[in-house]
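# Predicted structure and sequence below. I'll ask about it afterward.
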Amino acid sequence: MNKRLYLYGFIFSESGQNFTCKGLDGQDVYFKNRGSLSLAISDFKMTDFSSLPREEFLQYLKQHHQAIEKIMAEYCIIPFKFGTMIENQDQIKKIFTNSYDRIRKKFTLLQDMMELDLMAGFKNFNQVFDEIRELPSIKQFKENVQPGPTPDFYEAQIKLGKMVNSVLDEKRNAFRKVILNRLSYLSADIITNDITQDSMIASLAFLIHKKDHLIFEKTVEDLDRHFEGKIDFRIVGPLPFYSFYTLVLQKGDFKDLDHARKTLNLPEKADLPQINKSYKELSKACHPDNDSHDKDLIRRFEELHKAYQTVMEYMSDNNCSFLKEDFEQWVRVRPVERTNMVMS
């Protein structure tokens, strides 16, 4: 069976040589370092996780999370998406070369932060549901419905259900607004997660400064008193930054890169000064200012700019190889950020 290297995350650490924990299949997790970053990895057999039986898949997922949580107990970590693997040690070097600056900048924002998740739910959901059913508008609608196995009756039942859910959503939103108002001042960002049960009010992820951890917990206690114990609050964490940032491996399209090379009139290998010189000269020739009414000129200029951006994506140590065999070894890490943020 082919061997791979399994990736757990980037660590903000210059050493980590004394750290040990177990990863997938009980393999030792070790660090590969460059500068102020380390990559947490372990040896692993090549596995198609999507084809595994559910129980085996969940067991691997559990091992992935457990390893990351053990690392997080000692280091600041930005985790990789579950199942991220590379082929060999050479790709580790390429990841550092192509991703170091981007990941390092992300750590400048996150090294003093933590994620805390907050679950809020109705303590007595049956009582809340009964109160909704006793609302005058709900009672009046039920009284006007003629029972019986008719299409009108079934439609009325559906409408009634929607009315109840609408009132329930209004209650959730009112509680959620108070919770967010009380906690937002502590948070650099907030993520809303989907609720999975009718009794839930909100599932929120907060990105906060580590120094504010106790204040956050105290504010949640104050919220519990404010709502007179009618809501169950549960704080989960500190957690890795799962809700806000997850790392994935990024590979490109050789056709796009080759088209960009040809657009910029570049050889199969070029350094940054060559690329910039070619882009500057071609930009002058097709700049829209030469003739603002020439649509073809505008199109060529936009295509040139897109080609330049594409080439910049593949730069490595101020050089870019357009050879297919080099491209196939190209790999970079990209942070994926969630989009359902409460705060902008």
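Noted; the coordinates are in hand. As the structure is a prediction and not an experimental result, all values here were calculated from the model.

# Next one: Ile41 relative to Lys230, how far apart?
Per CB to CB, to the nearest Å, Ile41 is found 47 Å from Lys230. C-beta: built from backbone N, CA, C; applies to glycine.

# More neighbours: which of those two?
Ile41 (25 against 13; other CB atoms under 10 Å).

# which residues does the more buried one contact?
Neighbouring residues of Ile41 by CB atoms under 8 Å, 6 or more residues apart in numbering: Leu5, Tyr6, Leu7, Tyr8, Val29, Tyr30, Phe31, Lys32, Ile92.

# Checking my notes, it in a strand, right?
Yes. Looking at Ile41 with DSSP: H, G, I helix; E, B strand; the rest coil, it is inside a strand.

# On the strand side of things, show who it bridges to.
Listed beta-bridge partners, Ile41: Leu7, Tyr30 (assigned using DSSP bridges).

# Let me know the pLDDT of it.
Turning to Ile41, the model gives it a pLDDT of 94.

# and if you look at Gln250?
pLDDT, Gln250: 71.

# and if you look at Lys269?
As predicted, Lys269 sits at a pLDDT of 87.

# Can you tell me the element the closest residue to Leu282 other than its chain neighbours falls in?
Closest residue to Leu282 apart from its sequence neighbours, by CB to CB, 6 or more residues apart in numbering: Leu304 at 5.6 Å. Assigned by DSSP states H and E, Leu304 falls within helix 295-313.

# what residues does that helix touch?
With CB under 8 Å, 6+ apart, helix 295-313 has contacts from 252, 256-257, 259-261, 263-264, 266, 275, 279, 282-283, 286-288, 290-291, 320.

# Please check those residues and keep the buried ones.
Those of these that meet the buried threshold are Leu257, Ala260, Arg261, Thr263, Leu264, Leu266, Ile275, Tyr279, Leu282, Cys286, Cys320, by 16 or more other CB atoms under 10 Å.

# quick one on the thing from earlier: with neighbour count, pLDDT and distance to Thr310 added, can I get the contacts of Ile41 in a markdown table?
Below are the contacts of Ile41 laid out as a markdown table (neighbours: other CB atoms under 10 Å; pLDDT from 0 to 100; distance: CB to CB, whole Å):
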| residue | neighbour count | pLDDT | distance to Thr310 |
| --- | --- | --- | --- |
| Leu5 | 18 | 92 | 28 |
| Tyr6 | 26 | 94 | 30 |
| Leu7 | 25 | 94 | 25 |
| Tyr8 | 27 | 95 | 30 |
| Val29 | 22 | 93 | 35 |
| Tyr30 | 17 | 91 | 35 |
| Phe31 | 20 | 92 | 33 |
| Lys32 | 17 | 90 | 29 |
| Ile92 | 17 | 88 | 25 |
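
# Check which residues of the longest helix seen in the chain are buried.
For the chain, the longest helix by residue count, based on DSSP state H, is helix 151-183. Residues of helix 151-183 classed as buried: Ala156, Met163, Val164, Val167, Leu168, Arg172, Phe175, Arg176, Ile179, Leu180, Leu183 (neighbour count, 16+ other CB under 10 Å).

# Give me the distance between the fourth one and Gln157.
Okay, so that is Val167. From Val167 to Gln157 the distance is 16 Å (CB to CB).

# Can you report how many residues lie near Pro79?
Pro79 has 25 neighbours, counted by other CB under 10 Å.

# Look up how far Gly121 lies from Phe197.
Slight slip there: residue 197 is Gln, not Phe. Taking CB to CB, one finds Gln197 at 7 Å from Gly121.

# who has more neighbours, these two?
Gly121 (19 against 9).

# so that one bridges to which residues?
Under the criterion used (DSSP bridges), Gly121 bridges to Met200, Asp232.

# Make sure it is actually in contact with Asp198.
No. Using CB atoms under 8 Å, Gly121 makes no contact with Asp198, being 9.4 Å away.

# Now name the helix or strand holding Asn33.
Element membership of Asn33, judged by DSSP H and E, is strand 30-34.

# hmm, back to that, send me the helix holding Leu304 as PDB with only the CA atoms.
What follows is helix 295-313, C-alpha atoms only, in PDB (Å, rounded to 0.1, in the frame of the first residue of the first chain):
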ATOM      1  CA  LYS A 295     -13.000  47.500 -26.900                       C
ATOM      2  CA  ASP A 296     -10.400  44.900 -28.200                       C
ATOM      3  CA  LEU A 297      -7.700  47.000 -26.500                       C
ATOM      4  CA  ILE A 298      -9.600  46.900 -23.200                       C
ATOM      5  CA  ARG A 299     -10.100  43.100 -23.600                       C
ATOM      6  CA  ARG A 300      -6.400  42.500 -24.300                       C
ATOM      7  CA  PHE A 301      -5.300  44.700 -21.300                       C
ATOM      8  CA  GLU A 302      -7.700  42.800 -19.000                       C
ATOM      9  CA  GLU A 303      -6.400  39.400 -20.300                       C
ATOM     10  CA  LEU A 304      -2.800  40.600 -19.800                       C
ATOM     11  CA  HIS A 305      -3.500  41.600 -16.200                       C
ATOM     12  CA  LYS A 306      -5.200  38.300 -15.500                       C
ATOM     13  CA  ALA A 307      -2.200  36.400 -17.000                       C
ATOM     14  CA  TYR A 308       0.200  38.400 -14.700                       C
ATOM     15  CA  GLN A 309      -1.900  37.600 -11.600                       C
ATOM     16  CA  THR A 310      -1.900  33.900 -12.600                       C
ATOM     17  CA  VAL A 311       1.900  33.800 -12.900                       C
ATOM     18  CA  MET A 312       2.300  35.600  -9.600                       C
ATOM     19  CA  GLU A 313       0.300  32.900  -8.000                       C
END
